[in-house]
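Novice: Build me a model from this:
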Amino acid sequence: MTKDIATPIRTKEILAKHGFTFKKSLGQNFLIDPNVLRNIVDVASLTPQSGAIEIGPGIGALTEQLARQAKRVVAFEIDQRLIPVLRETLAPYENVTVINEDVLKADVKQVIATTFEEGQDLMVVANLPYYVTTPILMKLLEAKLPVRGIVVMIQAEVADRIAAKPGTKEYGSLSIAAQYYATAELAVKVPKTVFVPQPNVDSAVLRLTIREKPPVTVADEEWLFAIVRASFANRRKTILNNLIHNLVGKERKDEAVLALAEAGIDPSRRGETLTIEEFADLSEQLQKR
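Specialist: Prediction:
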């Protein structure tokens, strides 16, 4: 078996050989601990028949571990400078395709259709740049891709927010948006010391398992999420005040009060205490009016 890419010495050698310098604007932090990488891959529960989609392969540290476990790997890399590096580091693995494209602009569904077999077990597995974690995750979830789930290494604080339960200080619109599409669980906490350059915060591996259908049924998903965002706009305000100031306006206060009553929600509660089911009820009641 080839030597692991993700050791401090090998990473240093690869970077030096290619004269690579980190771009802060791309949030580049490379993992230098093979055990952590193997843990990430274990959380994804890949089989020799699985396909894996990676975002931001860097110099190929996680890609290599995925290639050893999965039948096929496709990796999206935005940084043109890393393409020749990846060509070299991943040369031993014929089951890897690297696409030099920003995943936020890519047609991921189309890539899946042309690269993987129909009905193949698919997982997204990635060490995501902190600065675009939420846009990437929401794009992947909203696209309703034919994947079993998403396993990502992200900032620990963001992972806590995504997996948060109602009534906790971490719970917010991001928790509800993610949990509408998937069940979320924290798998492993990861110290900042296993990255180069070392970030300022610790990370966590988050597993999202895609739901067959959302936990609630609403007539208009966009309207539901508009209500959720409005309800968390000012966490200190009550649900009623947030709705008036951020969504319906003062002139429609009475309708908001009625909708809350019909949904069985005390108007003095705060957004963070409401379950997704309560938000769905509220969404339907407000829409009627």
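Novice: Any regions of the stretch 1-150 of the chain where pLDDT drops low?
Specialist: For the stretch 1-150 of the chain, the stretches flagged by pLDDT under 70 are 1.
Novice: Please enumerate the helices of it.
Specialist: For the stretch 1-150 of the chain, the helices defined by DSSP state H, counting those that start in this stretch occupy 8-17, 34-43, 61-69, 83-89, 108-115, 133-142.
Novice: The stretch 151-289 of the chain too?
Specialist: 156-163, 173-181, 221-231, 239-243, 253-262, 276-288.
Novice: Report all helices and strands that the last one contacts.
Specialist: In terms of contacts (3 or more CB pairs under 8 Å, 6 or more residues apart in numbering; DSSP states H and E), helix 276-288 is packed against helix 173-181, helix 221-231, helix 253-262. For the C-beta atoms, the positions are set from N, CA and C on the backbone; glycine is no exception.
Novice: most tightly surrounded among those?
Specialist: helix 173-181 (a mean of 22; mean count of other CB atoms under 10 Å).
Novice: Against which helices or strands is it packed?
Specialist: By 3+ CB pairs under 8 Å, 6+ apart, helix 173-181 packs against helix 133-142, helix 156-163, strand 203-210, helix 221-231, helix 276-288.
Novice: can you redo the ones you listed as a markdown table with distance to Asn241?
Specialist: Formatted as a markdown table, the helices and strands packed on helix 173-181 follow (distance: least, CB to CB, whole Å):
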| stretch | distance to Asn241 |
| --- | --- |
| helix 133-142 | 26 |
| helix 156-163 | 23 |
| strand 203-210 | 32 |
| helix 221-231 | 10 |
| helix 276-288 | 14 |
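Novice: coming back round to it: out of the helices of the stretch 1-150 of the chain, which is closest to Ile150?
Specialist: helix 133-142 (6.0 Å; CB to CB).
Novice: Any buried residues in the closest one, and which?
Specialist: By 16 or more other CB atoms under 10 Å, the buried positions in helix 133-142 come out as Thr133, Thr134, Ile136, Leu137, Lys139, Leu140, Leu141.
Novice: and which of those is nearest to Gln198?
Specialist: Thr133 (18.0 Å).
Novice: who's in contact with that closest one?
Specialist: When contacts are counted by CB atoms under 8 Å, 6 or more residues apart in numbering, Thr133 is found next to Val152, Ile154, Gln155, Val158.
Novice: related to what we said a few turns ago, which among the helices and strands packed on helix 173-181 is found nearest to Lys105?
Specialist: That would be helix 133-142 among the helices and strands packed on helix 173-181, by CB to CB, at 9.7 Å.
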